[in-house]
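Asker: Just need the structure, nothing else, for what follows:
(one chain, ligands or ions: 1)
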Amino acid sequence: MTTPLLELKNVSIAAVADDGSEKTICHDVNLTLNEGERHILLGPNGSGKSTLLAGIMGLHPFRITAGTATLRGEDITDLETEERAHAGIGLAFQRPPALAGVSVERLAAAIGASDRLDAVSESLGLDHLDDRDVNCGFSGGEAKRFEVMKLALQGPQLCLFDEPESGVDLEQVGVVGRAVSELLDAKDAEGRHRSALVITHTGFILDSLDATVAHLMVDGTIVSSGEPRAMFDHIRTNGYR
Ligand SMILES: Nc1ncnc2c1ncn2[C@@H]1O[C@H](COP(=O)(O)OP(=O)(O)OP(=O)(O)O)[C@@H](O)[C@H]1O
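Answerer: This is a model prediction of the structure:
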């Protein structure tokens, strides 16, 4: 049996406040994502999808408070965000933060990707942003495309996309979809197939992504999984029941 790329067993994720108080948002999450697979995450607003991605990435203030998360069989439950990034996890944010004082060129240099910056930014039509500070004054669509570009520069094996197409105009949705697909089709620096967990409300990304399975999250837990198109059509017709 092959070891899954990512395995979540009975995982709970809480937002932990500075005073140490915890608010559990996700609970009893079980998920197995194998190398090369692309999974979709669906669910109503506020059901915990972004929290799940942030918990896998280990972003402040979210913490895995119960259960275990493994990457290639190694326990990552208590790793810091940087250690998880180093292990090959990357997240494209739903609402990307502004990094005043950090230009796109500087960010690319910091992640050792200066040599790829021109090709990647041109393919996403973002080369005019190279000398701008990250997300400072970017339009909504530019910021979302930049998130895809950031992952293309970083090159993680496990790519977490939080609504990559939201706020992107109809023409650029195709550009974003192609960029996501190209990133996932290329192997990572270690020659491993990439995998993705992608949140979507619109389903546009399904046109460019050969997704194997979709999961439906309701009230902080995955309540069912199935074929992505069928699940999407079911939700469109019947709602999230
Ligand atoms: N830092 C936090 N502290 C307290 N509650 C939080 C925190 N972050 C998120 N929440 C709450 O957790 C719930 C789940 O939020 P989350 O953003 O994960 O949902 P979502 O499924 O991604 O929603 P959407 O589809 O609207 O983006 C929401 O009620 C939200 O207000």
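
Asker: Next, the contact list for the residue nearest the centre of the chain, please.
Answerer: By Cα atoms, centre = their mean, the chain has its centre lying nearest to Leu160, at 1.8 Å. Residues near Leu160 by Cβ atoms under 8 Å, 6 or more residues apart in numbering: Leu53, Ile56, Met57, Ile89, Gly90, Leu91, Ala92, Ala196, Leu197, Val198. For the C-beta atoms, the positions are set from N, CA and C on the backbone; glycine is no exception.

Asker: my read: the fifth one touches Phe161, true?
Answerer: I take that to be Gly90. No. Using Cβ atoms under 8 Å, Gly90 is not in contact with Phe161, being 9.4 Å away.

Asker: Return every residue with contacts to both of those two.
Answerer: With Cβ under 8 Å, 6+ apart as the test, Gly90 and Phe161 both reach Leu151.

Asker: between those two, which one's more packed in?
Answerer: Phe161 (30 against 24; other Cβ atoms under 10 Å).

Asker: hang on, that one in a strand?
Answerer: Yes. Phe161 sits within a strand when classified using DSSP: H, G, I helix; E, B strand; the rest coil.

Asker: Next, find the distance separating His128 from Thr2.
Answerer: Distance, His128 to Thr2, by Cβ to Cβ, to the nearest Å: 43 Å.

Asker: mind checking the SS state of Ile13?
Answerer: Under three-state DSSP, the three-state class of Ile13 is strand.

Asker: again, but for Arg116
Answerer: helix.

Asker: what sits against His215?
Answerer: His215 is in contact with Leu31, His39, Ile40, Leu41, Leu42, Ile222, Ser224, Ser225, counting by Cβ under 8 Å, 6+ apart.

Asker: how about the residues of the chain near the ligand?
Answerer: Contact residues, the chain versus the ligand (Cβ under 6 Å from any ligand atom): 15, 23, 25, 43, 45-51, 61, 94.

Asker: The same query, at a cut-off of 5 Å, please.
Answerer: Contact residues, the chain versus the ligand (Cβ under 5 Å from any ligand atom): Ala15, Lys23, Ile25, Asn45, Gly46, Ser47, Gly48, Lys49, Ser50, Thr51.
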